[in-house]
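**Q** When you get a sec, could you give me coordinates for this:
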Amino acid sequence: MEIVGIDVGFGYTKAYNGKNSIIFKSLIGDATEIQFRSFLGEENSTANLHITLNDKSYFLGNYAEQQSNIPEFTLDQEKLIENFVKILAITAAGICSDSTGPINVVTGLPVGYLKRDSRRLKEMIQGIHEITYHNANGQDETKRVHIDKIHVIPQPIGSIFNLIFDEYGKIKDKKLALQKLGVVDIGFKTTDFSIFDHLQYIERGSSTMDTGISKCFSMLASKLRQESNINIELYRIFKFASAGMIKIKGKEYNITNLKKRIYTHAAAAIASDLNRLWENDWDIDSIILSGGGSVELAEFLSPNIDGNVIPIPRNVDPRFNNVQGYCKFGRYKWGADKIKEQKVAPPNSPPTKAQADSDDNTQSPSPGEPQDKSSKGISWLRRQN
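**A** Presented below is the predicted three-dimensional model:
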């Protein structure tokens, strides 16, 4: 049984199966006839995402941004679940998965939407789906994606699982697993605050705020509109924000200082929410920053947080923290008699199909085996279907 972690976010869709990883913008566009292909530029699996699902054809990600007449994205949770999740999740699963049989999926939802949307999310993607990938070379590939079991968890806990589990779903950092941890998961639209004590979810200190990186992008776009009289879509701000410069109709705009002021303001707002929400949780051992927004805001946010902040390693992509943790937890939850040892590709590299040798000693603990205290903390999660 293959296990895949899937994270459909407002900004990006990610998937990971322990070996293959995939990421693309959560954009959906109409599929138009391309009159000429240069066969130059990007050649990875997400560069020219053109799929057909349920007899409808779509461009996705960067391809939708570049080629579709009406590329669509959303910052509305209801629309994300109803109109985006199925298309994006099935596409990601089909590319990431090596299996032709059933796969089990672990995914997550923001804390504030977990109770409301878990069942609907499962209904959207569970079952057998036939999807066709229309490759740039003119060759079509039709895959049968069979999603058997789905487990939905609070989004931020994926980052904790990524730290405490190894690739086989066994606890490798027992010290961290026994701590009281706070997670600040900064996404595109929302920021999730969550507390886990010995891996038990603490409702009191967990909340979802509409303070994601998109608010910063909205401020940048508003200022640029005043200067250039051009409306810039939020999903197009990503690369310009990172570069600190944008060119509009041949004129360059340096946004480095503006970006710094906006990020400083956003970080102060997030820190204020956090310190107020966790005022009575002064015994938190460590605070983990995660999510794509943490890359931009970490240096402005960390000095404003009261507590021990675990720094973000420079050699990892924090956008994958949750989805990698989902996959590792899936291996803990469902396990297998044998899990083949797999070479893990860098999170932002193209998926690889390489297989590695099997290892008979990588068996995950089964529900009946004795577990230490850190394992007991997540038994409540494992019991759920």
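
**Q** How are the strands of the stretch 251-385 of the chain distributed by residue range?
**A** When secondary structure is read from DSSP state E, counting those that start in this stretch, the stretch 251-385 of the chain shows strands at 251-254, 286-290, 309-310, 339-340, 358-359.

**Q** Quick check: buried residues in stretch 241-259?
**A** Buried residues in stretch 241-259, defined by neighbour count with 16 or more other C-beta atoms under 10 Å: 241, 246, 253, 255, 258-259. (Each C-beta comes from the backbone N, C-alpha and C, glycine too.)

**Q** Pull up the pairing partners for the strand ranked longest in the chain, direction included.
**A** In the chain, with assignment by DSSP state E, the single longest strand is strand 140-154. Its sheet considered, strand 140-154 pairs with strand 102-109 (parallel), strand 127-134 (antiparallel) by DSSP bridges.

**Q** Those strands into a markdown table, with extra columns for mean pLDDT, distance to S68 and mean neighbour count?
**A** Shown next, in a markdown table, are the strands paired with strand 140-154 (pLDDT from 0 to 100; distance: least, C-beta to C-beta, whole Å; neighbours: other C-beta atoms under 10 Å):
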| stretch | mean pLDDT | distance to S68 | mean neighbour count |
| --- | --- | --- | --- |
| strand 102-109 | 96 | 26 | 24 |
| strand 127-134 | 95 | 14 | 16 |
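
**Q** what about stretch 51-63, average pLDDT?
**A** Rounded to a whole number, the mean pLDDT of stretch 51-63 is 95.

**Q** So which bits of it are buried?
**A** For stretch 51-63, by 16+ other C-beta under 10 Å, it's 51-53, 58-63.

**Q** where exactly do the helices run in the chain?
**A** With helices called from DSSP state H, the chain shows them at 61-67, 77-79, 85-96, 114-125, 157-164, 174-177, 213-228, 238-243, 256-277, 292-301, 321-333, 373-376, 379-382.

**Q** so can I have TSV of those helices showing distance to T13?
**A** TSV is the format used below for these (distance: least, C-beta to C-beta, whole Å):
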stretch	distance to T13
helix 61-67	8
helix 77-79	15
helix 85-96	4
helix 114-125	12
helix 157-164	15
helix 174-177	28
helix 213-228	16
helix 238-243	14
helix 256-277	24
helix 292-301	12
helix 321-333	9
helix 373-376	31
helix 379-382	23
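
**Q** Of all those helices, which one comes closest to V106?
**A** Relative to V106, the nearest member of the helices of the chain by C-beta to C-beta is helix 321-333, separated by 3.9 Å.

**Q** Can you show me the CA trace of stretch 275-284 as CSV?
**A** Only the C-alpha atoms of stretch 275-284 are listed here, as CSV (Å, rounded to 0.1, in the frame of the first residue of the first chain):
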residue,chain,number,x,y,z
ASN,A,275,1.3,36.2,22.3
ARG,A,276,-2.3,37.0,23.2
LEU,A,277,-3.5,33.5,22.3
TRP,A,278,-0.7,31.7,24.1
GLU,A,279,-0.6,34.1,27.1
ASN,A,280,-1.5,31.3,29.6
ASP,A,281,0.7,28.7,27.8
TRP,A,282,3.9,30.1,29.2
ASP,A,283,5.3,26.5,29.6
ILE,A,284,5.7,25.9,25.9
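
**Q** Can you give the contact residues for it?
**A** With contacts defined as C-beta atoms under 8 Å, 6 or more residues apart in numbering, stretch 275-284 is touched by 180-182, 193, 195, 202, 204-205, 207, 305-308.

**Q** again, only this time at 6 Å
**A** With contacts defined as C-beta atoms under 6 Å, 6 or more residues apart in numbering, stretch 275-284 is touched by 180, 182, 193, 195, 205, 207, 306-307.

**Q** Strands - which of the residues you listed land there?
**A** Using DSSP E, the contacts of stretch 275-284 in strands are 180, 182, 193, 195, 205, 207.

**Q** of those, the lowest pLDDT goes to which?
**A** G205 (89).

**Q** Read off the pLDDT value for I125.
**A** At I125, pLDDT is 96.
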